[in-house]
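Peer 1: Just a sequence and a predicted model for now, questions to come.
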Amino acid sequence: MERSHPKSATPLLAITLCALMAVRQWARVRRAFAETVTPEDLPLRSPAPRVAIILPVRDEAANIDAVVASLLAQEGVDYELLVLDDGSTDATPALLAAWAARDARLLVKRIDTLPPGWAGKAHALHIGAELTTAEWLLFTDADTRHAPAALRAMLGHATRQGDDLLSLIPEIAYVGPGMRLLTPLGGIALLERATPAELRDPLHAGAIAIGQYILIRRAIYERVGGYANPRLRATFADDVHLAEEVKRRGGKLELVSGRGLVTNEQWTTWDTAWRGWRKSIYGDLVHRPLYGLAGGLTLLVYGLLPPLALLRALARRDLLPAALAIVSLVGQVATRRPFDRVAGLPWRWTFSTPLGWATMGLLLLDATRHVLADAGADWKGRAAPGRGLGDG
C-alpha cells in the first residue's frame, strides 16, 4: 500500500486543483451576473452627440439586409451609417448599392486591397473611422440585429456614466452544436479577465470588450492611435486589445447586458464555430504561445479528470477523491447554468460542461499550433498576420 501511495498523490492533487478552480469560477460568474446592468432607455441630454455607426462586411449577403435595416431604424439619435465592404465577392455589393440608393444616411466604401501587416477587420474599422468626424463611434458586426432603441439607450448610458468605451453582451442565438457546447464556456473564460465591476475599476488591470458592439468616444479612440496602433492593426482579437489600450491610457470601460437591445447569430455549423473561436484565440495568443499550450493542457485535464476520477474513486470506494470529483463536476455545471438559462438551452447542454472544457482545451492547442507554425488563423479566405507583424 505504501508503494502505491506516491502514484495516487498526483491525481489527488490534480482533482483538488480542479475542485478549487470550479468553485472559484462559480463564485466569479455569480458575482459577474450580479454586477451586470442593462442600460435604461432614457431621453438623451441636449445637445446629443453625433454617432458614426461603422459596419465592416465581407461576403455577408445572408446578413446584410437585416443588419442594415435594423441600424437604419435607430430612433432618437443623430447618426450616420458607414459600411466598409472589405472585398466581398458575393451579392453584398449589389445589396448595399440598393440600400444606399434608398437612404442618404448610408455611405458605402469599397476596400479592394489589404495593406501588408493588417488584419482585414481592423483595417476596415480604421478606414471607417477616418471617414467621419462624429464624436462617438459604434463598431458593430454584420451578424447582429439592433432594436430601434438600442443606440439611444447605449449612448445615453455612456454619457451619463462618463464611459469612454461601452460594450455589451448581445443576446446570442445558440444555433448548432459548436455554439451550444463552447460559447457559454467562452463567456466564463472572458470573465477571468475582469468582471463588470473590475472592468470599471481604474486600479484593476483587466480589460474586455465584445466586438459585436463597441461604442467609443472619438477622443479616446484617437488617443490610443486608433486601429493604426501597431498592437491593434494586425490582431484578430481587436475588441479585447482595443479595450486594453483604452484602459492603459486612463479611459473608463464598461460592459453591460444587451438583452432586449442587440441579438447575434453566428457560427451556425461546427466548422465555422471551430474556426471562429480559433481565430479569436489566435489573436490573443500570437505573442504568447506558451500560454496557449499551458492553458490548453490545463483545460483538457479540467474537463476529463473529474468524471474519470469519480468513476475510479467509486469503483475503489475512495471517498476523498470521489468528493473532490463531485465538487468539480457540480461546480462546472453550476458555473455554466446561468448562461444556459439566459439562452434557453436545455440541461443536457449544461451537463456537457466537462466535455466542453476538454474541447476548449483542444481548441487552444490547435490555435497554439497555428501560432507556432506562424500559419495565421484563416477567416473568410484570409489569414491573420503572423508573429512577425503587429507587435509594435
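Peer 2: In hand now; what should we look at?

Peer 1: can we go C-alpha only for contacts and neighbour counts from here?
Peer 2: Noted.

Peer 1: lowest confidence element among the helices and strands of the chain?
Peer 2: Across the helices and strands of the chain, the lowest-confidence element by mean pLDDT, DSSP states H and E is strand 378-379, at a mean of 60.

Peer 1: pLDDT of stretch 101-112, averaged?
Peer 2: Computed over stretch 101-112, the mean pLDDT rounds to 95.

Peer 1: how about that stretch: buried residues?
Peer 2: Within stretch 101-112, the residues that count as buried by 16 or more other Cα atoms under 10 Å are Leu106, Leu107, Val108, Lys109, Ile111.

Peer 1: End to end on it, go ahead and measure it.
Peer 2: Start-to-end span of stretch 101-112 (Cα to Cα, to the nearest Å) is 21 Å.

Peer 1: all helices for the stretch 201-350 of the chain, in order.
Peer 2: Under the criterion DSSP state H, counting those that start in this stretch, the stretch 201-350 of the chain carries helices at the ranges 218-223, 230-233, 238-248, 270-285, 289-316, 319-343, 347-350.

Peer 1: and of those helices, who's closest to Arg193?
Peer 2: With Cα to Cα as the criterion, Arg193 lies closest to helix 238-248 of the helices of the stretch 201-350 of the chain, at 9.9 Å.

Peer 1: elements contacting the longest helix along the chain?
Peer 2: For the chain, the helix with the greatest residue count under DSSP state H is helix 5-35. Using 3 or more Cα pairs under 8 Å, 6 or more residues apart in numbering; DSSP states H and E as the contact test, the elements touching helix 5-35 are helix 177-191, helix 196-200, helix 289-316, helix 319-343.

Peer 1: quick check: domain ranges of this structure?
Peer 2: The record's domain parsing of the chain by automatic domain parsing lists 9-33+287-375, 39-268.

Peer 1: Reformat the helices and strands packed on helix 5-35 as a markdown table; add mean neighbour count and mean pLDDT.
Peer 2: Shown next, in a markdown table, are these (neighbours: other Cα atoms under 10 Å; pLDDT from 0 to 100):
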| stretch | mean neighbour count | mean pLDDT |
| --- | --- | --- |
| helix 177-191 | 19 | 94 |
| helix 196-200 | 20 | 96 |
| helix 289-316 | 18 | 95 |
| helix 319-343 | 20 | 97 |
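
Peer 1: Can you tell me which of these is nearest to Ala62?
Peer 2: Distances from Ala62 to each of the helices and strands packed on helix 5-35 were compared using Cα to Cα; the shortest belongs to helix 177-191, at 18.8 Å.

Peer 1: Give me the contact list for that closest one.
Peer 2: Judged by Cα atoms under 8 Å, 6 or more residues apart in numbering, the contacts made with helix 177-191 from elsewhere in the structure are 25, 28-29, 32, 174, 208, 267-271, 273-274, 335-336, 339-340, 345, 349, 352-353, 356-357, 359-360.

Peer 1: Grab the CA positions of that helix and hand them over as CSV.
Peer 2: Once side chains and other backbone atoms are set aside, the C-alpha atoms of helix 177-191 remain, and they are given as CSV (Å, rounded to 0.1, in the frame of the first residue of the first chain):
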residue,chain,number,x,y,z
PRO,A,177,-23.6,22.2,-31.6
GLY,A,178,-20.4,24.2,-31.7
MET,A,179,-22.1,27.3,-30.3
ARG,A,180,-24.0,25.4,-27.7
LEU,A,181,-21.0,23.5,-26.5
LEU,A,182,-18.4,26.2,-26.4
THR,A,183,-19.9,29.7,-26.3
PRO,A,184,-21.0,29.7,-22.6
LEU,A,185,-17.6,28.5,-21.7
GLY,A,186,-16.1,31.3,-23.7
GLY,A,187,-18.1,33.7,-21.6
ILE,A,188,-16.8,32.1,-18.4
ALA,A,189,-13.2,32.4,-19.8
LEU,A,190,-13.8,36.0,-20.7
LEU,A,191,-14.8,36.8,-17.1
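
Peer 1: what angle do it and helix 319-343 make?
Peer 2: Between the axis of helix 177-191 and that of helix 319-343 there is an angle of 110 degrees, by axes from the mean of the first three to the mean of the last three Cα atoms, to 10 degrees.

Peer 1: returning to what we had before: need the helices of the stretch 201-350 of the chain in JSON lines with distance to Pro115, can you?
Peer 2: Compiled in JSON lines, those are given as follows (distance: least, Cα to Cα, whole Å):
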{"stretch": "helix 218-223", "distance to Pro115": "21"}
{"stretch": "helix 230-233", "distance to Pro115": "10"}
{"stretch": "helix 238-248", "distance to Pro115": "17"}
{"stretch": "helix 270-285", "distance to Pro115": "18"}
{"stretch": "helix 289-316", "distance to Pro115": "25"}
{"stretch": "helix 319-343", "distance to Pro115": "39"}
{"stretch": "helix 347-350", "distance to Pro115": "42"}
